[in-house]
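In: coordinates for the following, if possible.
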Amino acid sequence: MRSQPLGAAALLLICAFVLVALLAPWIAPYDPLEQFRRDILDPPSGKYLFGTDDLGRDVLSRTIHGARTSLIVGVTTTGVSLVLGTMIGVISGYFGRGLDLVVQRVMDAVQAVPGIVLLLFIAVILGPSVCNTIIALTVVITPSFNRIARAETLRVRQEPYVEAARATGAHAPRILALHVLPNMLASVLTLGSLIFAGVIIAESALSFLGIGAPPPTPSWGLMLSEGVRYVERAPWLIIVPSVALSIAVFSFNLLGDALRDHLDPRLHRSAADRVTGLWWGRRMLSRLAPSLARATEQNLSTDVTTGGTPRPSEPPR
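Out: I've put the predicted structure just below:
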């Protein structure tokens, strides 16, 4: 929270988003499919906080349940793509040769087609449904995880500790599980958090075009598509789902940037520096470890006086 305050704020917003999606049946004031025929296009009021749509359905209830649809599609698509793409990339990068050549040419063929074109093509062939939307997004996103996993595997397999593991007789599954996968976890998690936001946008775009979640499923993209016709008469039909979509995507993008900075070893500081950044940390450290406290204060004074350049050590007397 000290090093990445924006990332911490984004994480709080994401937690609120997840809680709203999980508790939607209990939080929503009305059933998202219930129609109040006497209150069609009713403006925001005490009875309907965000008004009603052209069929008399409560906009707030549909927005809350739309978060559940986005969460299901985002988690499933990102999770399946992450596991599948990482597995393919690790196997391809570690064993190489003919297997790597064949697998990567297939991935190149998938990425050669523009993502939106391939996404629309698969979605139209499979038909509008949440499950088909997940399948289409998984096919488009998996090559991105494959590229990251393969590049990290090619880098890690040349490291001395991997060579040492081979020399001691470790088999390939053990090397992959203990040495390769842990060293690519930071890159894969950062990419996953960034892709999650793109998945939410893609799902909303497909629903907006009528080939994503079918009506009357609560979906932010579908709500936007239905509200376009009444944008001048009932602007709340556009404002409410668009604000919810923007906040969710913005939060995941912020979290991805914070994870990238936090997991970068070049930006890490020692635990003592983090603790001594607070007054109570310096006091506690001076009592528990006086020598470490004096060394830390000496380093801090050296950085201040010399601009980060260490002083030459004095010769022993």
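
In: which helix or strand contains the closest residue to Ala172 other than its chain neighbours?
Out: Once flanking residues are discounted, Ala172 sits nearest to Tyr94: 6.8 Å by CB to CB, 6 or more residues apart in numbering. Heads up, the C-betas are built off the backbone N, CA and C, glycines and all. Assigned by DSSP states H and E, Tyr94 belongs to helix 59-95.

In: for that helix, name the packing helices and strands.
Out: Under the contact criterion of 3 or more CB pairs under 8 Å, 6 or more residues apart in numbering; DSSP states H and E, helix 59-95 touches helix 5-22, helix 24-27, helix 97-112, helix 130-156, helix 172-175, helix 181-209, helix 220-227, helix 236-262.

In: related to what we said a few turns ago, the residue nearest to Ala172 and Asp257, how far apart?
Out: 30 Å (CB to CB, to the nearest Å).

In: try Leu22
Out: Leu22 is 26 Å from Asp257, by CB to CB.

In: same drill for the two, tell me which one is more crowded.
Out: Each of Leu22 and Asp257 has its neighbours counted (other CB atoms under 10 Å); Asp257 has more, 17 against 13.

In: right, and that one touches Gly7 too?
Out: Yes: judged on CB atoms under 8 Å, Asp257 makes contact with Gly7 at a distance of 7.2 Å.

In: by mean pLDDT, flag the weakest helix or strand of this structure.
Out: Here the helix or strand of the chain ranked lowest by mean pLDDT, DSSP states H and E is helix 271-275, holding a mean of 43.

In: not counting sequence-adjacent ones, nearest residue to Trp236?
Out: Looking at Trp236 with CB to CB, 6+ apart, the closest residue is Gly51, at 4.6 Å.

In: the one you found against Ile239, yeah?
Out: No: applying CB under 8 Å, one finds Gly51 not in contact with Ile239, separated by 9.8 Å.

In: of the two, which one has the most company?
Out: The residue with more neighbours, out of Gly51 and Ile239, is Gly51; 21 against 16, by other CB under 10 Å.

In: need the contact list for the more buried one.
Out: Applying CB atoms under 8 Å, 6 or more residues apart in numbering, we find Gly51 in contact with 41-45, 59, 234, 236-237.

In: surely Glu232 is in a strand?
Out: No: the assignment for Glu232, made by DSSP: H, G, I helix; E, B strand; the rest coil, is coil rather than a strand.

In: can you pull the pLDDT of it?
Out: You'll see Glu232 listed with a pLDDT of 86.

In: ok, now how distant is it from Leu176?
Out: From Glu232 to Leu176 the distance is 58 Å (CB to CB).
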